[in-house]
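Participant: sharing a sequence plus its predicted fold:
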Amino acid sequence: MKRRAAALCGTAAVLAGMVTSTPADASAGAATAPRTTRTADAANLTWKKCGTSDHPTLQCASLKVPLDHTNPYSERITLALSRVPHTAKTYQGPLLVNPGGPGGSGLRLAGFVASSLPKKVAAQYDVIGFDPRGVGASRPALNCRPGHFTPVRPDTVPLTQGGWKANLDRARAFAEACGTKYAKLLPYIDTVSAAEDLESIRIALGARRINYFGYSYGTYLGAVYAKLHPDRVRRLALDSIVDPTGVWYDDNLQQDHAFNDRHRAFMTWVARHHRTYRLGTDPAGVEAKWYRMRAALAKKPAQQKVGASELEDTFIPGGYYDGYWPRLAQAFASYVNGKKDGPLVAAYKSLGAVDSAADNGYSVYASVQCRDTSWPRDWEQWRKDNWAVYEQAPFMTWNNAWYNAPCTFWPTDSLRPVDIANDALPPTLLFQATNDAATPYRGGVSVHHQLRGSSLVVERGGGNHGITLSGNACLDKYLAAYLTDGTVPRGDGAIDAVCRRLPEPKPLSTKASTASRGSALHGMLGFRG
């Protein structure tokens with residue numbers, strides 16, 4: 001959960017040529033998702049200036065696409081697009097970028113990627129950002145139940161029957177609100193439909209093939225697009241890779257174990273900096289203090305803003321990005337040692353609180369994940385599975401379970417996950433950190449096996465989620481070489497190249513700044529993606 005920045009682009013629709021399609025032969029729930037056949041005019045998008053101080057050349061446009069890509073006569077929805085245009089004589093086509101989610105806004109990512117790549121590389125591409133269907137400045141934008149995360153929520157760990165009921169009622173209410181407000185839309189808020197939107201963008205851009213660079217969930221979206229349209233892929237770079245064999249229930253259970261490991265890595269880091277935080281030198285002892293803090297906040301929330309559930313929301317981002325550790329440690333220490341809750345509440349407002357943009361992101365997240373695949377409809381299975389995981393990994397298990405629990409009550413039929421295995425692609429480039437919590441390492445290995453001819457670059461010992469263009473020059477070197485001329489590393493074993501992880505952060509003085517490329521990137525990637 002992350003407060004997301006306001007969208008850059010307006011929502012005025014520009015009809016991007018006549019788009020027609022024929023119904024797919026396969027059913028909507030087929031393991032290989034339906035692929036539509038299209039013809040289109042060489043549509044010219046109307047790009048307008050929407051630059052910022054950081055990205056002055058940024059442009060914006062909008063594109064109408066079918067709600068139902070299998071029906072040429074279905075109503076149209078609008079996608080918001082952004083672009084940093086190429087400036088070099090050598091032009092390598094559009095580079096579509098996606099920050100993940102599902103539900104993440106990609107408009108700002110275009111400017112970030114264009115400014116973070118070497119200038120001579122970025123200059124050869126039109127870097128294209130977009131808000132996927134239902135997200136941000138695209139229309140309609142979903143917001144199923146505003147204020148769903150308003151504090152103070154019930155404790156995520158359901159130790160009483162009242163706790164069970166309160167959390168189940170919230171999950172049911174969210175699903176029912178989505179079904180009531182967006183009954184016509186929900187059957188088309190899914191990864192396959194979003195992938196077909198990428199094809200509509202390609203047609204509107206007049207490009208024979210696209211280049212694609214995705215983070216997190218954006219890796220699954222890119223792999224699905226490549227499966228549906230392998231002949232339209234020129235280059236494909238994926239960073240922090242979703243395991244397609246676990247979409248989505250099993251992937252979330254695996255996340256719980258990985259986040260628990262990252263939380264313990266954070267506790268170890270705090271113990272190592274006892275001189276600064278005065279929380280002890282034993283990681284297990286520091287962790288015990290964190291859980292005592294949680295128990296205290298469950299009884300008496302800080303400023304009626306941060307209870308036990310909100311505390312988890314605040315510290316989960318530390319599992320995505322260790323650049324948040326100094327601030328989180330300071331808030332932790334202030335509460336435990338000084339009985340001061342101000343820094344903790346401030347950290348919650350910055351990292352954990354949900355505004356209207358994040359309400360939108362969560363609405364799309366749930367809509368995509370609940371539609372993409374079948375989820376257990378028997379809550380007893382959730383209860384059994386999550387208690388079993390909780391016994392080994394208590395940090396995020398129940399928070400994550402309730403975050404996804406609306407899928408138990410979701411008002412649409414489910415699809416089957418797409419088999420992304422592919423031997424028809426040009427060389428592709430994959431990046432994965434070994435200790436990534438949000439997309440555990442096995443996802444990168446799995447996709448490496450399934451995309452024939454792919455190359456896997458590993459950040460050994462790294463725990464951040466989203467590892468390229470965030471300060472690791474070794475990783476960025478491989479990405480730049482790939483985008484320059486398609487070069488990929490080739491190794492003798494399962495891994496094609498290894499980079500050292502970035503150093504862990506140092507405790508900050510009160511005047512130190514956390515500004516960095518890493519923090520800028522993670523501000524756009526958000527959490528849960």
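Facilitator: Structure received.

Participant: show me what the helix or strand residue 359 falls within is packed up against.
Facilitator: Here residue 359 sits within helix 356-372, counting by DSSP states H and E. Other helices and strands packing on helix 356-372, by 3 or more Cβ pairs under 8 Å, 6 or more residues apart in numbering; DSSP states H and E, are helix 161-181, helix 191-205. The way it works is simple: take the backbone N, C-alpha and C, and place the C-beta from them, glycine included.

Participant: which of these sits most buried?
Facilitator: Ranked by mean neighbour count under mean count of other Cβ atoms under 10 Å, these are led by helix 191-205, which reaches a mean of 24.

Participant: tell me where the longest helix sits in the protein.
Facilitator: helix 249-272 (DSSP state H).

Participant: return the distance of that one from the chain's centre.
Facilitator: Taking the mean of its C-alpha atoms, helix 249-272 sits 17 Å from the chain's own mean (Cα atoms, centre = their mean, to the nearest Å).

Participant: same question for stretch 364-373.
Facilitator: Between the centre of stretch 364-373 and the centre of its chain there are 13 Å (Cα atoms, centre = their mean).

Participant: cool, stretch 391-411 as well?
Facilitator: On Cα atoms, centre = their mean, the centre of stretch 391-411 falls 17 Å from that of its chain.

Participant: what's the answer for stretch 468-481, then?
Facilitator: Distance of stretch 468-481 from its chain centroid, counting by Cα atoms, centre = their mean, is 20 Å.

Participant: now that stretch: buried residues?
Facilitator: Within stretch 468-481, the residues scored as buried using 16 or more other Cβ atoms under 10 Å are 468-472, 475-476, 478-480.

Participant: quick one: which of these is nearest to residue 61?
Facilitator: residue 469 (24.0 Å; Cβ to Cβ).

Participant: need the contact list for that closest one.
Facilitator: Going by Cβ atoms under 8 Å, 6 or more residues apart in numbering, residue 469 touches 112-113, 116-117, 476, 479, 517, 521.

Participant: residue 87: which of those is nearest?
Facilitator: For those, the residue nearest residue 87 by Cβ to Cβ is residue 117; the value is 12.7 Å.

Participant: how about that closest one, nearest residue that isn't a chain neighbour?
Facilitator: Nearest residue to residue 117 in three dimensions, chain neighbours excluded: residue 480, at 6.4 Å (Cβ to Cβ, 6 or more residues apart in numbering).

Participant: now residue 497: how far from residue 484?
Facilitator: Separation of residue 497 from residue 484 (Cβ to Cβ, to the nearest Å) stands at 16 Å.

Participant: so for the two, which residue has more residues nearby?
Facilitator: residue 497 (18 against 15; other Cβ atoms under 10 Å).

Participant: what helix or strand is the closest residue to the more buried one other than its chain neighbours on?
Facilitator: Counting by Cβ to Cβ, 6+ apart, residue 489 is the residue found nearest to residue 497 once chain neighbours are left out, at 3.9 Å. In the assignment (DSSP H and E), residue 489 maps to no helix and no strand.

Participant: can you count the residues close to residue 489?
Facilitator: Quick note: residue 489 (other Cβ under 10 Å) scores 16 neighbours.

Participant: pretty sure it is touching residue 496, no?
Facilitator: Yes: Residue 489 is within contact range of residue 496, at 4.5 Å (criterion: Cβ atoms under 8 Å).

Participant: give me the common contacts of these two.
Facilitator: Joint contacts of residue 489 and residue 496 (Cβ under 8 Å, 6+ apart) are 455, 457.

Participant: of the contacts of residue 469, select the buried ones using a PyMOL command.
Facilitator: Those of the contacts of residue 469 that count as buried under 16+ other Cβ under 10 Å are selected in PyMOL with:
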select buried, resi 112+113+116+117+476+479+521
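
Participant: just the ones of the contacts of residue 469 in helices?
Facilitator: If you go by DSSP H, the contacts of residue 469 have 112-113, 116, 476, 479, 517, 521 in helices.

Participant: among the contacts of residue 469, which one has the lowest pLDDT?
Facilitator: Lowest pLDDT within the contacts of residue 469 is found at residue 517 (84).

Participant: now for that residue: which residues touch it?
Facilitator: Residue 517 touches 116, 469-471, counting by Cβ under 8 Å, 6+ apart.

Participant: where's it relative to residue 217, distance?
Facilitator: 21 Å.

Participant: got a list of what residue 93 touches?
Facilitator: Neighbouring residues of residue 93 by Cβ under 8 Å, 6+ apart: 125-126, 207-211, 234.

Participant: could you list the low-confidence segments of the protein?
Facilitator: Per-residue confidence for the chain (pLDDT under 70) gives these ranges: 1-43, 509-515, 526-529.

Participant: again, only using 80
Facilitator: Within the chain, the ranges that satisfy pLDDT under 80 run 1-44, 509-515, 526-529.

Participant: what segments of it are strands?
Facilitator: 19-22, 37-40, 48-49, 59-66, 76-84, 94-98, 126-131, 210-215, 233-239, 429-433, 455-460, 497-500 (DSSP state E).

Participant: how far off helix 356-372 does the longest helix of the chain point, in degrees?
Facilitator: With axes from the mean of the first three to the mean of the last three Cα atoms, to 10 degrees applied, the angle from helix 249-272 to helix 356-372 works out at 140 degrees.
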